[in-house]
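Engineer: would you be able to build a 3D model of this:
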Amino acid sequence: MLFSSDSVVRVQDVSVFQGHHAVLHNINFEIEKGEFVFIIGRTGSGKSSLLKTMYADLPLRMGSIDVAGFNIHGIKSNHVPMLRRKVGIIFQDFQLLQDRTIADNLTFVMRATGWSDNAKMKNRLAEVLMQVGLGAVEKKMPHQLSGGEQQRVVIARALINEPVILIADEPTGNLDPEVSHGILKVFQQINKSGTAILMATHSYGLIKKFPARILKCEEGKLLDSKKENFELETEY
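Structural biologist: Presented below is the predicted three-dimensional model:
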């Protein structure tokens, strides 16, 4: 399979496992710089396992995956933090540290990824919060923010090291439709600045309102709207 030189993700002949069971077989796709891609599929279809394999949270057992210039197959444990500086990861359940302020949540990640200059950290913190549409929240605790605001903080955290791609696993799953639309608009703005986005979702409403390329996990296969037509169900 030929891949573009502009690819930030290259997946070739990959099988994805949940435990000892392969849920996706012999899948191939690429994501180019600045591309926006939804990934959909029923619970258990393999989409979250595929995402976790891509950022080396699950081992790659069969096939080849390159993400942001890193070969995931057999990646050494000391290279995983380097990979995750190039890949912003966004979860459904926020995973903010509840015992510290928003500023401390973000600076914790900065220090963990090699930042040391306090002035630069302060400037970058302000930049990423502004990028996700948040004002003076630095001194607030996570519980003082709404769900939508907390998810924006999570996106800001993922942007700190200027990743080439954001991988978002059901980032709007716990949010109501209006707030979810606001989060998608944030993703669109980030995408327009050149960051690729791969987002798992169950929401047909979001896909309909924000049309983009779709990867669909179904019966062990990965269907790609870039290459073939397939039916969208009401919800996944």
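Engineer: which stretches in the chain count as strands?
Structural biologist: If DSSP state E is used as the criterion, the strands of the chain fall at 7-18, 21-32, 36-41, 62-67, 70-71, 87-90, 165-169, 196-200, 213-218, 221-224.
Engineer: nearest the geometric middle of this structure, what residue?
Structural biologist: residue 167 (1.4 Å; CA atoms, centre = their mean).
Engineer: list the contacts of that one.
Structural biologist: Residue 167 sits next to 51, 54-55, 87-90, 198-199 when contact means CB atoms under 8 Å, 6 or more residues apart in numbering. In this view, the C-beta of every residue, glycine as well, is placed from N, C-alpha and C.
Engineer: any stretches of the protein with poor pLDDT?
Structural biologist: 1-5, 233-236 (pLDDT under 70).
Engineer: quick one: the helices in it?
Structural biologist: All helices of the chain, identified by DSSP state H, fall at 47-54, 80-86, 102-112, 118-131, 147-159, 177-192, 204-209.
Engineer: using a markdown table, lay out the ones you listed together with mean neighbour count.
Structural biologist: Output for those, formatted as a markdown table (neighbours: other CB atoms under 10 Å):
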| stretch | mean neighbour count |
| --- | --- |
| helix 47-54 | 23 |
| helix 80-86 | 16 |
| helix 102-112 | 18 |
| helix 118-131 | 15 |
| helix 147-159 | 23 |
| helix 177-192 | 17 |
| helix 204-209 | 14 |
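Engineer: which stretch among the ones you listed comes nearest residue 34?
Structural biologist: helix 177-192 (6.8 Å; CB to CB).
Engineer: alpha carbons of that closest one, as PDB, please.
Structural biologist: Output of helix 177-192 as PDB, limited to C-alpha atoms (Å, rounded to 0.1, in the frame of the first residue of the first chain):
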ATOM      1  CA  PRO A 177     -25.600  18.300  22.600                       C
ATOM      2  CA  GLU A 178     -25.200  22.100  22.800                       C
ATOM      3  CA  VAL A 179     -22.000  21.800  24.800                       C
ATOM      4  CA  SER A 180     -20.800  19.100  22.500                       C
ATOM      5  CA  HIS A 181     -21.300  21.400  19.500                       C
ATOM      6  CA  GLY A 182     -19.100  24.000  21.200                       C
ATOM      7  CA  ILE A 183     -16.400  21.400  21.800                       C
ATOM      8  CA  LEU A 184     -16.500  20.400  18.100                       C
ATOM      9  CA  LYS A 185     -16.100  24.100  17.100                       C
ATOM     10  CA  VAL A 186     -13.000  24.200  19.200                       C
ATOM     11  CA  PHE A 187     -11.700  21.100  17.400                       C
ATOM     12  CA  GLN A 188     -12.400  22.700  14.100                       C
ATOM     13  CA  GLN A 189     -10.400  25.800  15.000                       C
ATOM     14  CA  ILE A 190      -7.500  23.700  16.100                       C
ATOM     15  CA  ASN A 191      -7.800  21.700  12.900                       C
ATOM     16  CA  LYS A 192      -7.700  24.800  10.800                       C
END
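Engineer: thanks a lot, see you next time.
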